[in-house]
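**Q** What follows is a predicted structure for the sequence shown.
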Amino acid sequence: MFLNLFIDEEIATFLVVVILCSFDFWTVKNVTGRLLVNLRWWSEIDELGEEKWIYESDDGKKPVGKTDSFIFWSALYLYPCVWFLFGLMDFFGFKFLWLILCILCFTLSFTNAQGYYCCQQDQKTKLSAFVQEKTLSFLPKIIGSFGSAGGSVASTLFGAVKSRFTGS
């Protein structure tokens, strides 16, 4: 917004903002996401020449700080909104050079947000599968440790609750 006060050339300002936005994209994609929320994403080209997106989340061994996570996700989703608002202002102000810049920066920031959103979904899927696996493997051990007494206690409790609500 204020770079034109220091650099008198519009093209130089445009190039500086593009370089800084590209550096921001690379930093968030390759460094910040991995360090703050243990997520990363990238794309590869397979043997058939098709692009394949890969979303990776860790196994939860490294703890994620609540403050780090809040700042990361807030900035990640707020950044494309800011570029969109700047783009609207440039569109209605007929500043098409700056509109191109806003579209470019919006695209980079939105790509990061979309990539990390998919990583977050992958992490939730892994976490629910882990919890389900541990629960299903742990449940027979608990029931087995109670033996027949556990079964009779459970049926007695269930019968008492059932009679309380059905009146029988």
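**A** Looks like it came in fine. Residues are numbered from 1 along each chain as shown.
**Q** C-alpha from now on. contacts and neighbour counts both.
**A** OK.
**Q** which residues in the chain form strands?
**A** 39-45, 51-57 (DSSP state E).
**Q** which stretches of this structure have low pLDDT?
**A** Low-confidence segments of the chain (pLDDT under 70): 1, 59-60, 127, 130-131, 134, 136-168.
**Q** Could you rerun that using 90?
**A** Along the chain, the model assigns pLDDT under 90 to residues 1-11, 34, 38, 40, 55-66, 69, 118-168.
**Q** And the helices in this protein, which stretches?
**A** 3-6, 10-27, 33-37, 66-92, 96-166 (DSSP state H).
**Q** Export these to TSV and append columns for mean neighbour count.
**A** Listed next are the helices of the chain as TSV, based on neighbours: other CA atoms under 10 Å:
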stretch	mean neighbour count
helix 3-6	11
helix 10-27	15
helix 33-37	19
helix 66-92	15
helix 96-166	15
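**Q** Of all these, which one is nearest Ile45?
**A** Ranking the helices of the chain by their distance to Ile45 (criterion: CA to CA) puts helix 96-166 first, at 16.5 Å.
**Q** one step back: can you redo the strands of the chain as TSV with mean neighbour count and distance to Ala129?
**A** What follows is the strands of the chain, written out as TSV (neighbours: other CA atoms under 10 Å; distance: least, CA to CA, whole Å):
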stretch	mean neighbour count	distance to Ala129
strand 39-45	16	18
strand 51-57	15	14
